[in-house]
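Q: 3D, please:
(chains A and B, ligands or ions: 2)
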Amino acid sequence: MPDTVKLEVFRYRPEGEGAPVYETFEVPYRDEWMVLDALNHIKDHQDGTLSYRWACRMGVCGSCGMTVNGEPVLTCATYLEPFLPGPIRVEPLHGFPVIRDLVGDLEDFVEKLQRVKPWIIREEEKPTSEGEYLQTPEEMDAYKRYSMCINCMLCYAACPIYELEPGFIGPAAIALAQRYNLDSRDEGARERHEVLAEHEGVWSCTFVGECSIVCPKDVDPAGAIQRYKVDATLDFFRSLVTPGRSP
Amino acid sequence: MRRARDPFFWGLFSGGGMLTALLLPALFLVTAITAPMGWFGMTGYEEWATLAGHPLTRAGLLLVAFLAFFHAAHRFRYTLYDGLQLYHLDALISIVTYGVAAVLTVLAAALLILVV
Ligand code: SF4
Ligand code: FES
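A: Numbering: from 1, shown residues only, chains lettered A, B, ... in the order given. Ligands and ions are numbered 1, 2, ... in the order given. Below is the predicted model of the structure:
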């Protein structure tokens, strides 16, 4: 095992040289180190101005997503080891405007996420005196997988359609819409349909499937999208034979 | 209208994909293996011609051809649209790809009625 490994880090300092550059840092190599540990070592010992996001260091908060040697990954859950002997190239997530160094602008995703109303919608809330909304294990299984999303946006970075058609609502937003659509307590599927049934909703997706490959939480957004397409299509053809039904 | 277009063509696309995926291996098995080997009878031309000429077989074949053509058209449309990034030509591309599929479907129907 080498004693050190080189990292080529994407640097963008809008007030400085203007155009992005790659800066090479040499850090100690440790078998148990993740890419994030190497970045933290740079920040602590070599250049305190290096900017990037992280918080939990355990694959839960979803903030440390970056592009490592071309692949979108959670840097806190990605060992240095497979990239030996290096150099390891660390860049911000693709598909998002860069604010500074490895920090991307997430406004677009946050806005899209809100558009699909990722919360439980009820036509009428029952009074608390009537108790909680109970669910069977099967009812929970129907949406549980989609509820594991940590909003890390690796799926957006991996999606070629999101890059080509910036209006596309995107994999995680659709998976989260399905997380609520498939929840037995939810009654908001009609409202979400307004957004999902647009061309820039599910129909922009051509099932490249990269989103499900890179997802660190095994959410399978591609599956969620195809499932929605099937349901929307069946609804549409049903509405043709049943007058008075709107698709 | 735009809202109806997406599920309509995607329905033909996915229906075509599913049907051909299910049917092609079966057709291959029958025409390339079991029939030439004479495993289940059905070896003579006459028997096959009678089977293929049955109105239900013709209708089934037409359905497969129709969906398969639209499947291919849809895929080709997106290959041009996303693959070559010809976003501004979407209307033209759609008309040409689905149009060719429609023409081929009509030709298939004519063949099935006239020839078989
Ligand atoms: S679906 Fe997966 S890759 Fe996409 S934001 Fe959620 S956890 Fe991340
Ligand atoms: S730091 Fe929280 S997911 Fe990586």
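
Q: Skipping adjacent residues, who's closest to residue A:59 in space?
A: Closest residue to residue A:59 apart from its sequence neighbours, by CB to CB, 6 or more residues apart in numbering or on different chains: residue A:77 at 4.4 Å. All C-beta atoms are positioned from the backbone trio N, CA, C, and that covers glycine.

Q: correct me, but the one you found touches residue A:214?
A: No - using CB atoms under 8 Å, residue A:77 is not in contact with residue A:214; the gap is 12.0 Å.

Q: dump the residue contacts of the most centrally placed residue in chain A.
A: By CA atoms, centre = their mean, chain A has its centre lying nearest to residue A:153, at 2.3 Å. Neighbouring residues of residue A:153 by CB atoms under 8 Å, 6 or more residues apart in numbering or on different chains: A:62, A:65, A:93, A:96, A:106, A:109, A:172.

Q: pLDDT and secondary structure for those - can I get that in a markdown table?
A: Listed next are those as a markdown table, based on pLDDT from 0 to 100; DSSP: H, G, I helix; E, B strand; the rest coil:
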| residue | pLDDT | secondary structure |
| --- | --- | --- |
| A:62 | 96 | coil |
| A:65 | 97 | strand |
| A:93 | 97 | coil |
| A:96 | 94 | coil |
| A:106 | 93 | coil |
| A:109 | 95 | helix |
| A:172 | 97 | helix |
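
Q: Just the buried ones from those residues?
A: Among those, those classed as buried by 16 or more other CB atoms under 10 Å in any protein chain shown are A:62, A:65, A:93, A:96, A:106, A:109, A:172.

Q: Also within reach of ligand 2: list those from those residues.
A: residue A:62 (CB under 6 Å from any ligand atom).

Q: for the buried ones among the contacts of residue A:153, which one is nearest residue A:122?
A: Using CB to CB, residue A:172 comes nearest to residue A:122 of those, at 23.8 Å.

Q: which stretches of chain A form strands?
A: Assigned by DSSP state E, the strands in chain A fall at A:4-11, A:21-28, A:65-68, A:71-74, A:88-91, A:98-100, A:103-104.

Q: Which among those strands is found nearest to chain B?
A: Nearest to chain B, of all those, is strand A:71-74, at 19.6 Å by CB to the nearest CB.

Q: Quick one: check the helix with the most length in chain A for contact with chain B.
A: In chain A, with assignment by DSSP state H, the single longest helix is helix A:221-241. Yes - for helix A:221-241, a contact with chain B is found by CB under 8 Å from any CB of the partner chain, at A:229, A:230, A:232, A:233, A:235, A:236, A:237.

Q: quick one: which two of these are the most distant?
A: Across those (CB to CB), the longest gap, 12.5 Å, separates A:229 and A:237.

Q: Next, show the common contact partners of the two.
A: Contacts common to residue A:229 and residue A:237, judged by CB under 8 Å, 6+ apart, are residue B:7.

Q: Can you give me the domain assignment for chain A?
A: For chain A, automatic domain parsing gives the domain ranges A:4-104, A:107-241.

Q: Just put those in JSON lines and tack on distance to ligand 1.
A: JSON lines is the format used below for those (distance: least, CB to the nearest ligand atom, whole Å):
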{"stretch": "domain A:4-104", "distance to ligand 1": "6"}
{"stretch": "domain A:107-241", "distance to ligand 1": "3"}
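
Q: Make TSV out of those domains and add distance to residue B:41.
A: Below are these laid out as TSV (distance: least, CB to CB, whole Å):
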stretch	distance to residue B:41
domain A:4-104	56
domain A:107-241	39
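
Q: closest to residue B:5 out of these?
A: Among the domains of chain A, domain A:107-241 sits nearest to residue B:5 (CB to CB), with 8.4 Å.

Q: Pull out the buried positions in the longest helix of chain A.
A: Result for helix A:221-241 [16+ other CB under 10 Å]: buried residues A:221-229, A:231-233, A:236.

Q: can you give me the helices for chain B?
A: B:2-28, B:35-37, B:45-53, B:55-78, B:90-114.

Q: need those helices in a markdown table with mean pLDDT, can you?
A: Putting these into a markdown table (pLDDT from 0 to 100) gives the following:
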| stretch | mean pLDDT |
| --- | --- |
| helix B:2-28 | 88 |
| helix B:35-37 | 81 |
| helix B:45-53 | 82 |
| helix B:55-78 | 92 |
| helix B:90-114 | 92 |
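
Q: Dump those helices to a markdown table, plus mean neighbour count and distance to ligand 1.
A: As requested, these are arranged in a markdown table below (neighbours: other CB atoms under 10 Å in any protein chain shown; distance: least, CB to the nearest ligand atom, whole Å):
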| stretch | mean neighbour count | distance to ligand 1 |
| --- | --- | --- |
| helix B:2-28 | 16 | 22 |
| helix B:35-37 | 12 | 48 |
| helix B:45-53 | 11 | 49 |
| helix B:55-78 | 18 | 22 |
| helix B:90-114 | 14 | 28 |
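
Q: between the ones you listed, which one is nearest to ligand 2?
A: Of all these, it is helix B:55-78 that lies closest to ligand 2, at 33.7 Å by CB to the nearest ligand atom.

Q: So what touches that closest one?
A: By CB under 8 Å, 6+ apart, helix B:55-78 touches A:206, B:9-10, B:12-13, B:15-17, B:19-20, B:23, B:51-52, B:93-94, B:97-98, B:100-102, B:104-105, B:108-109, B:112-113, B:116.

Q: Which residues of chain B lie near chain A?
A: Residues of chain B lying near chain A (CB under 8 Å from any CB): B:2, B:3, B:4, B:6, B:7, B:8, B:10, B:11, B:14, B:78, B:82, B:85.

Q: what do you get if the cut-off is 7 Å, keeping everything else the same?
A: B:2, B:3, B:4, B:6, B:7, B:8, B:10, B:11, B:78, B:82, B:85 (CB under 7 Å from any CB of the partner chain).
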